[in-house]
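Engineer: Below is the sequence, then the predicted model.
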Amino acid sequence: MRKPLVAGNWKLNGTRASIDELVQGLLQGMSQVGETDVAVCPPFVYIDHVRGLLEGSRIDLGSQDVCEEDKGAFTGEVSGPMLRDVGCSYAIVGHSERRSIYGESDELVARKFAAARRNGLTPILCVGETLEEREGGITEEVVARQIDAVLALEGIAAFADAVIAYEPVWAIGTGKTASPEQAQEVHEFIRGRLAGHDEGVAAGIRILYGGSVKGGNAAELFGKPDIDGGLIGGASLVADEFLTICKAAG
Ligand code: PEP
């Protein structure tokens, strides 16, 4: 039985004041959230501050990215050892905004996935197709390519302690959610592809859905057999909305 996970990706949002308010709201409502793992991924500069706010709670911390290198002359980067040092348990890698705006290739994402794992962080590997790719009928081809790059570098065993987030690019921040059936179809494909390498790993891995998940559509999405929770952008910035999503997963 896979335990659901709901992770909030705060992206480039927040101030100390707004984050204090958001976290306070989350902490107040967490007692009503059932058997679900919950994590938040603040901007790097606020991670340590949020760690202090979350002390003693069941909300875990994650980062929105991680450098593929562990130390050295890489100006502006934040490494896996640093993220562990400030209390992160998860690291998002390959978010579509990193891939499209910052030009991260499948190979670089695979190296970031490896960096997270070797530093004791659970990678949340984001995969997903653009609207053009979906309309061109190559959704599975794209998702397979993104996963295969990690398989080639790290092997199937690495997925035993990883999370995958299927995030159709056309649904991120657009208000257009994939239907539960569309999402389930791709989740099933991803699990099936991993099962071709190792059935046990495929059965155990949590595959999250991301893309305009809200309090109002979460339960239906999470009701699908291969959807094990969500990676939440915009709605994770509003405590009540995020808590509703967490409750739907639990
Ligand atoms: C995301 O950025 O990972 C995401 C899913 O964003 P949103 O929920 O805002 O679509």
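Structural biologist: Happy to help now that I have it.
Engineer: which parts of this structure sit against the ligand?
Structural biologist: For the chain, the contact set with the ligand under CB under 6 Å from any ligand atom comprises 9, 167, 172-173, 210-213, 231-235. Yep, even glycine has a C-beta here, placed from its N, CA and C like the rest.
Engineer: Now list the buried members of the residues you listed.
Structural biologist: For the residues of the chain next to the ligand, a burial check counting by 16 or more other CB atoms under 10 Å picks out Asn9, Glu167, Ile172, Gly210, Gly211, Ser212, Val213, Leu231, Ile232, Gly233, Gly234, Ala235.
Engineer: export those to JSON lines and tack on secondary structure and pLDDT?
Structural biologist: Below are those laid out as JSON lines (DSSP: H, G, I helix; E, B strand; the rest coil; pLDDT from 0 to 100):
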{"residue": "Asn9", "secondary structure": "strand", "pLDDT": "98"}
{"residue": "Glu167", "secondary structure": "coil", "pLDDT": "98"}
{"residue": "Ile172", "secondary structure": "coil", "pLDDT": "92"}
{"residue": "Gly210", "secondary structure": "strand", "pLDDT": "97"}
{"residue": "Gly211", "secondary structure": "coil", "pLDDT": "96"}
{"residue": "Ser212", "secondary structure": "coil", "pLDDT": "93"}
{"residue": "Val213", "secondary structure": "coil", "pLDDT": "97"}
{"residue": "Leu231", "secondary structure": "strand", "pLDDT": "98"}
{"residue": "Ile232", "secondary structure": "strand", "pLDDT": "98"}
{"residue": "Gly233", "secondary structure": "coil", "pLDDT": "98"}
{"residue": "Gly234", "secondary structure": "helix", "pLDDT": "97"}
{"residue": "Ala235", "secondary structure": "helix", "pLDDT": "98"}
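Engineer: what's the nearest residue to whichever residue of the chain sits closest to the ligand if we skip its chain neighbours?
Structural biologist: Of all residues in the chain, Gly233 sits closest to the ligand, at 2.1 Å by CB to the nearest ligand atom. Closest residue to Gly233 apart from its sequence neighbours, by CB to CB, 6 or more residues apart in numbering: Asn9 at 5.1 Å.
Engineer: Could I get the phi/psi values of the residue of the chain closest to the ligand?
Structural biologist: phi -90, psi -100 (degrees, to the nearest 10).
Engineer: Next, the contact list for Ala218, please.
Structural biologist: Gly230, Thr244, Ile245, Ala248, Ala249 (CB atoms under 8 Å, 6 or more residues apart in numbering).
Engineer: Could you list which of the residues you listed belong to strands?
Structural biologist: Counted as lying in strands by DSSP state E, out of those, are Gly230.
Engineer: List the beta-bridge partners for the residue nearest to Gly233.
Structural biologist: Cys41 (DSSP bridges).
Engineer: How about the contacts made by it?
Structural biologist: By CB under 8 Å, 6+ apart, the residues touching Asn9 are Cys41, Gln64, Ile92, His95, Gly210, Leu231, Ile232, Gly233, Ser236.
Engineer: List the buried residues in the least confident helix or strand in the chain by mean pLDDT.
Structural biologist: Within the chain, no helix or strand scores below helix 131-135, which has a mean of 95 by mean pLDDT, DSSP states H and E. For helix 131-135, a neighbour-count test (16+ other CB under 10 Å) marks Glu133, Arg134 as buried.
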